[in-house]
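1. sequence-free structure coming up:
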DNA sequence: AAAACATGTTAGCCAAAGCTAACATTCTAA
DNA sequence: TTAGAATGTTAGCTTTGGCTAACATGTTTT
């Protein structure tokens, strides 16, 4: 099966990905905020993601329908088991990309670049990058003991 | 200025990027096809990108309005100077990411991953990755002479 | 307990980039 | 040279994920 080109949107459709980039952003952030306090509310999420509250409400409803979070109007947002599992993977993925970029010596907008790239890599690439980063850190050590 | 989180869409808006990912895909492909033949038509582009012709027509109109291509109804598609410059950069970016992934030992969907990642990296990251790949290729050589 | 403020929701708009169905143009071959 | 095939365009629909304005609910303060 020859590999073919698609437009960016084409890959998304083709891959029938369960989670869109935005959904990932919200879940990752809910997970992050849940670690700091167990009262995560719409306003927290909105300001953490620099988004207006109605956007958050809309997305939370969707995440609730698909069983990533439990939520009732005016209440607080809790991840389900499923949501928590994904959240921790997303955070780990974030960490791997961030450390890779650090290791590359990227200086500008490193958080932004992390946020953008993390949605782009699949599992295989992610694990190769993780290995590579570990390897490079080893090199550093042997270069500057 | 502290770095902040945004959703994926947020970064796109924030960066007021001139070229969307899709626009990049089309320009890159037109450039690629132009190298093979100088008669690039809507149908060529549509099938190369696995997109229906009306999508191509729509995008070409937009690219023409923004001066990346010259096009008239039922005619063939030519890149402008501006379009050509960008096209060659996009192809180079593609090459850098592809070689990096090869070098990492990525086996599955390497073209697809290239296509997705190339839209995610900024210039700084791209050049660091390029350097790294050269470095890694050097390592290979010294490991397997 | 009522007024004022803060927080959350609803409704409805927008742009991007796909799609299909229907129509228009151009090319080819009888 | 004209009919039919191939190619291209238009119109209009869909989804995603933002946004604002207006309204609803909850919380706090007097």
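-> The structure has been received and is ready for your questions. In this text, all values refer to a predicted model and were calculated from it rather than measured experimentally.
2. Please make it C-alpha for all contacts and neighbour counts, starting now.
-> Fine.
3. Helix or strand: which one has the most centrally placed residue in chain A?
-> Nearest residue to the geometric centre of chain A (C-alpha atoms, centre = their mean): residue A:90, 4.3 Å. When elements are assigned from DSSP states H and E, residue A:90 belongs to helix A:81-104.
4. what does residue A:116 give?
-> Assessed by DSSP H and E, residue A:116 sits inside helix A:110-118.
5. Thought residue A:101 was touching residue A:110, still the case?
-> Yes: in this structure, residue A:110 is within contact of residue A:101 by C-alpha atoms under 8 Å, at 7.0 Å.
6. still on that earlier bit, what's in contact with the following helix or strand past the helix holding residue A:116?
-> Per DSSP H and E, the first helix or strand lying C-terminal to helix A:110-118 is helix A:123-143. Applying C-alpha atoms under 8 Å, 6 or more residues apart in numbering or on different chains, the external contacts of helix A:123-143 come out as A:93, A:96, A:97, A:99, A:100, A:103, B:101, B:104, B:105, B:106, B:108.
7. Please report how far the closest residue to the fourth one other than its chain neighbours lies from residue B:132.
-> In space, residue A:99 comes closest to residue A:133 once its chain neighbours are excluded; the distance is 7.3 Å by C-alpha to C-alpha, 6 or more residues apart in numbering or on different chains. If you measure residue A:133 against residue B:132 using C-alpha to C-alpha, to the nearest Å, the figure is 11 Å.
8. Kindly report the same for residue A:31.
-> The spacing between residue A:31 and residue B:132, counted by C-alpha to C-alpha, is 33 Å.
9. repeat for residue A:83
-> Distance of residue A:83 to residue B:132, given as C-alpha to C-alpha: 36 Å.
10. more crowded one of these two?
-> Neighbour count, other C-alpha atoms under 10 Å in any protein chain shown: between residue A:83 and residue B:132, residue A:83 has more, with 22 against 16.
11. The more buried one touches residue A:64, doesn't it?
-> No: Residue A:83 is beyond contact range of residue A:64, at 9.8 Å (criterion: C-alpha under 8 Å).
12. residue ranges with poor pLDDT in chain A?
-> Across chain A, the ranges flagged by pLDDT under 70 are A:1-2, A:13, A:15-17, A:140-145.
13. Show me which residues of it sit near DNA strand C.
-> Chain A comes close to DNA strand C at residues A:7-10, A:41-44, A:53-54, A:57-58, A:72-76, as judged by C-alpha under 7 Å from any atom of the strand.
14. Check the residues you listed one by one and keep those near chain B.
-> Near chain B, taking C-alpha under 8 Å from any C-alpha of the partner chain as the test, the members of the residues of chain A next to DNA strand C found are A:7, A:8, A:9, A:10.
15. Show me which parts of the helix holding residue A:90 are buried, residue by residue.
-> By neighbour count with 16 or more other C-alpha atoms under 10 Å in any protein chain shown, helix A:81-104 contains the buried residues A:83-84, A:86-87, A:90-91, A:93-94, A:96-101, A:103-104.
16. which pair in those residues spans the largest distance?
-> A:83 and A:104 (31.4 Å; C-alpha to C-alpha).
17. quick revisit: could you dump the contacts of helix A:123-143 into CSV and include distance to DNA strand D?
-> Shown next, in CSV, are the contacts of helix A:123-143 (distance: C-alpha to the nearest atom of the strand, whole Å):
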residue, distance to DNA strand D
A:93, 18
A:96, 22
A:97, 20
A:99, 24
A:100, 25
A:103, 28
B:101, 26
B:104, 29
B:105, 30
B:106, 27
B:108, 25
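18. Taking the residues you listed together, which two end up most distant?
-> Among the contacts of helix A:123-143, A:103 and B:108 lie farthest apart (C-alpha to C-alpha), at 25.1 Å.
19. With the flanking residues excluded, which residue is spatially nearest to residue A:93?
-> Closest residue in space to residue A:93, ignoring its immediate chain neighbours: residue A:118 at 6.6 Å, by C-alpha to C-alpha, 6+ apart.
20. Surely the one you found is in contact with residue A:92?
-> No: using C-alpha under 8 Å, residue A:118 makes no contact with residue A:92, being 10.0 Å away.
21. Is DNA strand D within reach of stretch A:60-80?
-> Yes: if you take C-alpha under 7 Å from any atom of the strand as the test, stretch A:60-80 does meet DNA strand D, through residue A:74.
22. Show me the contact partners of that stretch.
-> For stretch A:60-80, using C-alpha under 8 Å, 6+ apart, the contacting residues are A:23, A:27, A:30-31, A:34, A:39-42, A:81-84.
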